[in-house]
Structure formats: C-alpha cells, structure tokens
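Asks: Below are the sequence and a predicted model for it; my questions follow.
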Amino acid sequence: MSDRDTAFAEYFAARSDALRGTAYLLCGDWHRAEDLVQTTFTKLYVAWRRITRHDALDAYARQTLVRTFVSELRRGWFRKERVSEAPADVPAASTGSAEDRLVLLAALAGVPPRQRAVLVLRYWEDLSVEQTARVLGCSEGTVKSQAARGLQTLRGLVNPEQGAKVR
C-alpha cells in the first residue's frame, strides 16, 4: 500500500463514524447515511492528491458530505414521505434520557432538508454561521433564517403548543 493509501485509510478509520453520525442526522436513515458517507469518501479519495491542507480535512469532508446530501435531494434521490407503521404523533418524553434523544431524532426527520442541514451543521457540528454558509454555499442571512425556521419547525414537532407560538 502506498503512503497515499495508508494516509487515506487512517483518515477513513478515524473519521468515518463521526461523518456517519452527521449523515444520519441529515437524512434520518442509517442506510442512506452509509451511502452518503461512502460517496463522500470516494470523492475525498479521488481528490486526495490535490489536498494540500490536511489540517482542514474534517471541514473538507463535512462540506463534501453536505453537498452530496443536498445534490441528491435536488435529484430527487430521497423521498419526502416515508411509509411507516409508527403513528405520526410523537409522544413527549418525560425525562432527559434516551427517550428524549429518540423524540428529537424523530422530530428532526420532519424538518425540511435544507433547514435540517443548517441545524445539524450549526448545533451538532458546532459550526459558526459563517462556516455553515460556506459549507452550504449560501449567505449568512440564509443560514440565520433557515436556522430560525428549522428551530421553529422542530419545536412544533416536539411540542405542538410551543411551536405554534411565534418568537
């Protein structure tokens, strides 16, 4: 194995789980998350020789992941509606436990994809408004408005009474 391949394999081993988690938050499906991560790492491998700043690999990989997600949305790869045996109403969890996490993940799946991408990048990946705008290829104002709308939608899905209030 060449030095290039070894370096790539090490990076893949170190970061694939984190990217898979981010991909899951974006699409809400582990199988699709795997596909997104696989596509992301394929693109990263193709560009590996051209990448000169290996200290910025995480940002580059994250940006590639989000752009792949958005690109597949534009092509209609992900369906907006999913058939499910679970009821559409999500019960509110009573404690700050794993139940809360499940309720939040289910609600996040109901947020429109562009808003969901902003929420994941801003609050899960802890990117600034400027960094999020750069990753998504949009203005900072768009990030702010999409974050506000996404949070409002998320609140409405988690707690319908709170979501109806305009803040």
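Replies: Cool, the structure landed. Numbers count the residues shown, from 1 in each chain.
Asks: Name the SS class of residue 127, please.
Replies: With DSSP: H, G, I helix; E, B strand; the rest coil as the basis, the three-state label of residue 127 is coil.
Asks: Contacts only, for the closest residue to it other than its chain neighbours.
Replies: Once flanking residues are discounted, residue 127 sits nearest to residue 121: 4.8 Å by C-beta to C-beta, 6 or more residues apart in numbering. For every residue, glycine as well, the C-beta is placed using N, CA and C. The neighbours of residue 121, taking C-beta atoms under 8 Å, 6 or more residues apart in numbering as the test, are 62, 66, 127, 131-132, 135-136.
Asks: Contacts only, for the residue nearest the centre of the chain.
Replies: Central residue of the chain (C-alpha atoms, centre = their mean): residue 26, 3.1 Å from the mean position. Residue 26 sits next to 33, 36, 65-66, 69, 113, 116-117, 120 when contact means C-beta under 8 Å, 6+ apart.
Asks: how far does the strand or helix carrying it sit from the chain's center?
Replies: Under the criterion of DSSP states H and E, residue 26 resides in helix 3-27. The chain centroid and the centroid of helix 3-27 are separated by 14 Å under C-alpha atoms, centre = their mean, to the nearest Å.
Asks: go on, stretch 101-121?
Replies: The chain centroid and the centroid of stretch 101-121 are separated by 8 Å under C-alpha atoms, centre = their mean.
Asks: now swap in stretch 21-39 and tell me
Replies: Worked out by C-alpha atoms, centre = their mean, stretch 21-39 lies 8 Å from the chain centre.
Asks: Span of that stretch from start to end?
Replies: End-to-end distance for stretch 21-39: 15 Å, by C-alpha to C-alpha, to the nearest Å.
Asks: got the domain boundaries for this structure?
Replies: Domain assignment of the chain by automatic domain parsing yields the ranges 1-78, 86-167.
Asks: State the mean pLDDT of the shortest one.
Replies: Here domain 1-78 scores 87 as its mean pLDDT.
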